[in-house]
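# can't give you the sequence, but here's the structure:
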């Protein structure tokens, strides 16, 4: 297993988190395609919540802005939050795993 695959899919906690973010993104994209409106909708709040705290930094502009910049800001902040949260989850799970092996 190469490093990037192990980083994103190395443990169950990360897989569940990535699945939740992917489902929220599909709901957002599906809703936008169904209505024909390509502006971020209320479903974007779920993505912001799942990828907090990084995406919360950009949330005020997303909530107030319109146009292509709001859409780009939403997806870039979600991506940054996803990467940081994945790193944090892997670090926490890795430390817990180390503690378990020391006690055994």
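Structure's in. What do you need? Being a predicted model, the structure only gives us computed values, none of them experimental.
# got any ranges where this structure has weak pLDDT?
1, 38-41, 59-65, 95-104 (pLDDT under 70).
# looking at it, which helix is longest?
Identified as the longest helix of the chain according to DSSP state H is helix 68-103.
# which element, helix or strand, includes the closest residue to residue 76 other than its chain neighbours?
Spatial nearest neighbour of residue 76, excluding adjacent residues (Cβ to Cβ, 6 or more residues apart in numbering): residue 58 at 7.6 Å. Using the backbone N, CA and C atoms, a C-beta is placed for each residue, glycine as well. In the assignment (DSSP states H and E), residue 58 maps to helix 54-64.
# do the same with residue 25
Applying DSSP H and E, one finds residue 25 within helix 12-35.
# one step back: quick check: angle from the longest helix of the chain to helix 12-35?
Angle of helix 68-103 versus helix 12-35, following axes from the mean of the first three to the mean of the last three Cα atoms, to 10 degrees, is 160 degrees.
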